[in-house]
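A.B. asks: Predicted structure and sequence below. I'll ask about it afterward.
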Amino acid sequence: MSINYVGLLMYDFPMKTGEERKEYTTFRKEIIKRGYYQIQKSVYIVSTSTKEKLNVIEKQLSMLVPSKSSVRTLTLTDDQFNKMKILSGWISFWRKNIKKAKSYLRVLIFGKFVIKYK
């Protein structure tokens, strides 16, 4: 059985000036372009088959991060990610990005989000 990885990305950006809002918009577009899906405000995930792919994505993004922002990443296995409990709310990106998510078969089981691969 192969292990797949989930990269969790969390960020905060200052949004006081037009330039700061532009930096935020640019960063957000770049993470979406690299395959990230929003699961909560300022929290995104991407799934890859190797840690190396996550490292490449993180290195690319590190060159785009403005100095006044706060950006963090965490690498999890699918098993670890699937243990996440949803205490309240709904999977926000599920409804919005269903067409983009066709490369994965996503299943919601008893409040847990399980990623299955083709």
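C.D. replies: Here it is on my side, so go on. This one's a predicted model, so the numbers in the text were calculated from it and none came from an experiment. Residues are numbered from 1 along each chain as shown.

A.B. asks: Quick check: buried residues in the helix ranked longest in the chain?
C.D. replies: If you go by DSSP state H, the chain has its longest helix at helix 18-33. By 16 or more other C-beta atoms under 10 Å, the buried positions in helix 18-33 come out as Glu23, Tyr24, Phe27, Arg28, Ile31. Quick note: C-beta positions are derived from backbone N, CA and C, even for glycine.

A.B. asks: what's the neighbour count on the closest residue to Ser49 other than its chain neighbours?
C.D. replies: Excluding its sequence neighbours, the residue lying closest to Ser49 (C-beta to C-beta, 6 or more residues apart in numbering) is Asn4, at 5.6 Å. For Asn4, the tally of surrounding residues (other C-beta atoms under 10 Å) stands at 17.

A.B. asks: Going forward, the N-terminal residue is numbered 395.
C.D. replies: Okay, residue one is now 395; in that scheme the one you just asked about reads as Asn398.

A.B. asks: so how far is Leu468 from Asn398?
C.D. replies: 15 Å (C-beta to C-beta, to the nearest Å).

A.B. asks: Equivalent analysis for Arg422, please.
C.D. replies: From Arg422 to Leu468 the distance is 19 Å (C-beta to C-beta).

A.B. asks: what's the spacing between the residue nearest to Ser443 and Lys479?
C.D. replies: When Asn398 is compared with Lys479 (using C-beta to C-beta), they lie 20 Å apart.
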